[in-house]
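1. sequence unknown, structure follows:
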């Protein structure tokens, strides 16, 4: 696994090894960041269910001003920490907690995120609704912010919540990326 572009381009990240993690493929990561384009620069990027930390690290490499990693699995937290240390990344925060607890912690600071990437294990389908419901009712998303959910292509996500609505879906292999925006920002 490697960083695809930007400041840390071609730097190798420690992969999951024997850990039961499913990192976002290099190809899907490249597509994802090509879609976001220059909007990633100077943004706050939240990597929920961070796993190896590859998505948040890629965001930082491409110019995000800060990344917050949320991960509940202790061994994955250690892996993310090692990846951040190996690249000497300082503008990142790693929160070892359930994703909702981590999002609540961030929300108490009254910050807003430009991008929130949500990638629970594919088989934990209840996590998609749980996190999207929380985000829909929170003030964590910037007015023009985007929530991007990676999911198995056969998993159906709602088109709309109270405030969030799906604006786009990209499919690549067995993965899909669903992009949600605040309805008022559309």
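-> Right, received. Where do you want to start? Values in this document were obtained by computation on a predicted structure and should not be read as measured data.
2. which SS class is residue 180?
-> Here residue 180 is strand, with the state taken from DSSP: H, G, I helix; E, B strand; the rest coil.
3. thought residue 71 was touching residue 52?
-> No: the criterion here is CB atoms under 8 Å, and residue 71 misses it with residue 52 at 9.5 Å. For the C-beta atoms, the positions are set from N, CA and C on the backbone; glycine is no exception.
4. for the chain, what helix or strand is lowest in average pLDDT?
-> helix 26-36 (a mean of 90; mean pLDDT, DSSP states H and E).
5. which of the residues in that one are buried?
-> Neighbour counts over helix 26-36 (16 or more other CB atoms under 10 Å) mark 28-29, 32-33, 36 as buried.
6. show me what that helix is packed against.
-> With contacts defined as 3 or more CB pairs under 8 Å, 6 or more residues apart in numbering; DSSP states H and E, the packing partners of helix 26-36 are helix 54-61, strand 141-152, strand 164-172, strand 175-182.
7. and the end-to-end length of stretch 39-58?
-> 14 Å (CA to CA, to the nearest Å).
8. ok, and which of the helices and strands packed on helix 26-36 has the densest surroundings?
-> Of the helices and strands packed on helix 26-36, the one with the most neighbours on average (mean count of other CB atoms under 10 Å) is helix 54-61, at a mean of 27.
9. now residue 9: how far from residue 87?
-> 11 Å (CB to CB, to the nearest Å).
10. more crowded one of the two?
-> Between residue 9 and residue 87, residue 87 has the larger neighbour count (other CB atoms under 10 Å), namely 19 against 12.
11. run through the chain and note the low-pLDDT ranges.
-> The model of the chain has pLDDT under 70 over residues 16-23, 184-186.
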